[in-house]
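[1] For reference, the sequence and a predicted model appear below.
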Amino acid sequence: MTAEKAALREVSEEVGLEVINLECLRTYITNVHDLLMIAFRAEAENTTIKTSQELEDAKWFDLNQPLPMRPESIAARVIKHVFPKITYKRSKEPEKHLNA
C-alpha cells in the first residue's frame, strides 16, 4: 500500500469523507515520538463529517478566523504551508496524538 492510498483510506475511515486531487506536500519528523508524518492536501467531495469511534471530534473551520491550535505544532506548520496568511488562536489544551 502506498502513503497516498493509506491517506485516502484513513480520511474515509476516520471522518467519512471521500477526497479527490490528493497531493503530497512534504514530510515532517516529530522529535517527541520519532514519527515520520506525511502532509497531504486534498479536496473533499462532500462536507458531511461522520466521526469514527477513534475520534472525539472532527469539524470544519472558517479559514478567515484564527484557528484554535498551537502555532508551533506540526499541524499548524502544514496549514501555514497551504494557507500562508492563516492566523492562530492558541488552544487551551495540548494537541492529542493518535497512537499509530
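    Everything's here; your move.

[2] The closest residue to Ile79 other than its chain neighbours: neighbour count?
    Across the structure, with Cβ to Cβ, 6 or more residues apart in numbering as the measure, the residue nearest Ile79 apart from its sequence neighbours is Ile86 (5.7 Å). Yep, even glycine has a C-beta here, placed from its N, CA and C like the rest. Each residue near Ile86 was counted by other Cβ atoms under 10 Å, and the total is 18.

[3] ditto for Val15
    Applying other Cβ under 10 Å, we find 17 other residues in the vicinity of Val15.

[4] ditto for Leu17
    19.

[5] most centrally placed residue in this protein?
    Central residue of the chain (Cα atoms, centre = their mean): Ala75, 6.3 Å from the mean position.

[6] separation between that one and Gln53?
    Between Ala75 and Gln53 the distance is 22 Å, computed by Cβ to Cβ, to the nearest Å.

[7] what mean pLDDT does the strand ranked longest in the chain have?
    Taking DSSP state E as the criterion, the chain has its longest strand at strand 19-30. Taken as a whole, strand 19-30 has an average pLDDT of 91.

[8] List the buried residues in that strand.
    Neighbour-count burial for strand 19-30, with 16 or more other Cβ atoms under 10 Å as criterion, is recorded at Val19.

[9] for whatever helix or strand comes next after that strand, packing partners?
    Read in the C-terminal direction, the helix or strand following strand 19-30 is strand 35-44, with elements assigned using DSSP states H and E. Using 3 or more Cβ pairs under 8 Å, 6 or more residues apart in numbering; DSSP states H and E as the contact criterion, the secondary-structure elements in contact with strand 35-44 are helix 3-15, strand 19-30, helix 74-82.

[10] contacts for strand 35-44?
    Residues external to strand 35-44 that are found in contact with it (Cβ atoms under 8 Å, 6 or more residues apart in numbering): 3-4, 7, 11, 17-30, 74, 78, 81-82, 100.
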